[in-house]
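1. give the three-dimensional model of this entry:
(one chain, ligands or ions: 1)
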Amino acid sequence: MINFKPKNFYWGAATASYQVEGGIENTDWAKAAREGRVPPCGRACDHYHRYEEDFDIAQSLGHNAHRFSIEWARIEPEEGKFDEETTEHYRRVLRALRDRNLEPFVTLWHFTLPLWFAQSGGFERKDAPKIFARYCQYIVEQLGDLCLHFSTMNEPNVYATHGYLYGVWPPFQRVGLMAKGDGTEERAQPQTKIRNYWQYWKVASNLVKAHNTAYACIKAARPDTQVSVIKHVHVFDANERFINKLLARVAQYLQTDAFLLGIKGSFDAIGLNYYRSTRFGETRNFLQTDMGWNALPSGIYNALLHLQRYQKPIFIAEAGLADEDDDLRPQYLTVQIMAMQRAIQDGVDVRGHLYWSLLDNYEWALGFEKRFGIVEIDYDTLERKIRPSAYVYKRIIENNGIVE
Ligand code: BGC
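-> Numbering: from 1, shown residues only. Alright, predicted model coming up:
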């Protein structure tokens, strides 16, 4: 039984620059698209020019907060050179949010890298933490008067595993398979495997250092800023078998805790991204989202409880599903929000819920086919159409939660 309502709660939705803005050509992803390795992003939702219209929709849906990201490649198109015009653009974006009483949550880096940085080694570079922190500090100095909540990076583990272990995202390094000059791949020699693992660990630990360095620089520039990291939590648990329990523990440690322990003392809040739960030894079949993921919205309860050990405020920075027909989304959202409220009732300090996503968008290596938005995009006409689930969410927001 849930019989309370959260106080001063942030309700809204999230987006990320590369996935919605359109017209970004100087990143590692845009280069990969030109080479035919990932789908092109093109003008996406043209959110770069239509942000006001999109924020009007968010406001009309009752939102009081909004998360978006700043495109590093737009701000620093050449190493060490910051683009004032683009900075001014993001000032206008922040003002547009403030004018509509939407509290901004800014992510400083969401997966895409400026081409110059990627081509000179990206997060394999020894000086990557300093370079990243310089960019973060610049943004906070320029825009910190309009925004309190800054997240340094989105899902560092997902970035490192997809780019350096599975090889499905730039820079396409894969443990076990080696790219050849002619674009094909061959099985790696043992020494190459070791090198690839080493590269992955180097990147993973540089991301920890990059966050920590950025945190110090941001706090020095603006001590009153709330600095967080956006952490994906894939919930792992197990049936009664010892081996499954052990697997779940190890997976949870590697995917969630290794990073958060590395940045201990250098974050003021955690942004939780929740999409998936895996139970080792599970034999039941679950309903699937359009991503082929089990639709388990109540798993967010375990994700929140897991993060409680870090004793910092938590906001849900992303939680949603790909559901083109919008037939699962209303129930999914409702169950998820009830699970979140149960976690709050059980003592977890949750400050907000930002649905992923406000708009349909570019789902990375899967292109535009997957539809996560509560607002549908017609990619031919760029028309925005509000999905029925957006009104379910609106009602929940109007009631400031669900009372059973
Ligand atoms: C990412 C988003 C992505 C979403 C759905 C999150 O991991 O931050 O960029 O679109 O998951 O896959």
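2. all contacts plus neighbour counts: C-alpha atoms, from now on.
-> Fine.
3. which ones are touching the nearest residue to residue 26 once chain neighbours are set aside?
-> Of all residues beyond its chain neighbours, the one nearest residue 26 is residue 115 (5.4 Å), with distances taken as Cα to Cα, 6 or more residues apart in numbering. By Cα atoms under 8 Å, 6 or more residues apart in numbering, the residues touching residue 115 are 26, 27, 28, 31, 73.
4. what of residue 394?
-> Counted by Cα under 8 Å, 6+ apart, residue 394 has contacts 61, 62, 63.
5. do residue 389 as well
-> Going by Cα under 8 Å, 6+ apart, residue 389 touches 326, 329, 330, 374.
6. and the second one, how far from residue 322?
-> When Cα to Cα, to the nearest Å is applied, the distance between residue 329 and residue 322 equals 8 Å.
7. what do you get for the last one?
-> When distance is defined by Cα to Cα, residue 374 is 10 Å away from residue 322.
8. looking at the two now, which is surrounded by more residues?
-> Legend: neighbour count by other Cα atoms under 10 Å for residue 374 and residue 322, higher for residue 374 (30 against 25).
9. my read: that one touches residue 357, true?
-> Yes. The pair residue 374 / residue 357 is scored as a contact, 6.6 Å apart, by Cα atoms under 8 Å.
10. how far away is the nearest residue in space to residue 294 that is not next to it in sequence from residue 322?
-> Among residues not flanking residue 294 along the chain, residue 288 sits closest, at 4.7 Å (Cα to Cα, 6+ apart). Using Cα to Cα, residue 288 is found at 10 Å from residue 322.
11. for the contacts of residue 394, which single residue is the most surrounded?
-> For the contacts of residue 394, the largest number of neighbours (other Cα under 10 Å) sits with residue 63, at 24 neighbours.
12. quickly find the element holding the nearest residue to it once chain neighbours are set aside.
-> Closest residue in space to residue 63, ignoring its immediate chain neighbours: residue 12 at 4.6 Å, by Cα to Cα, 6+ apart. Take DSSP states H and E as the rule and residue 12 turns out to sit in strand 10-14.
13. okay, now the sheet partners of that strand, with direction.
-> strand 65-69 (parallel), strand 350-356 (parallel) (DSSP bridges).
14. now render these as CSV, adding mean pLDDT.
-> Listed next are the strands paired with strand 10-14 as CSV, based on pLDDT from 0 to 100:
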stretch, mean pLDDT
strand 65-69, 99
strand 350-356, 98
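15. can I get those strands in TSV including mean neighbour count and distance to residue 52?
-> Shown next, in TSV, are the strands paired with strand 10-14 (neighbours: other Cα atoms under 10 Å; distance: least, Cα to Cα, whole Å):
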stretch	mean neighbour count	distance to residue 52
strand 65-69	24	13
strand 350-356	24	19
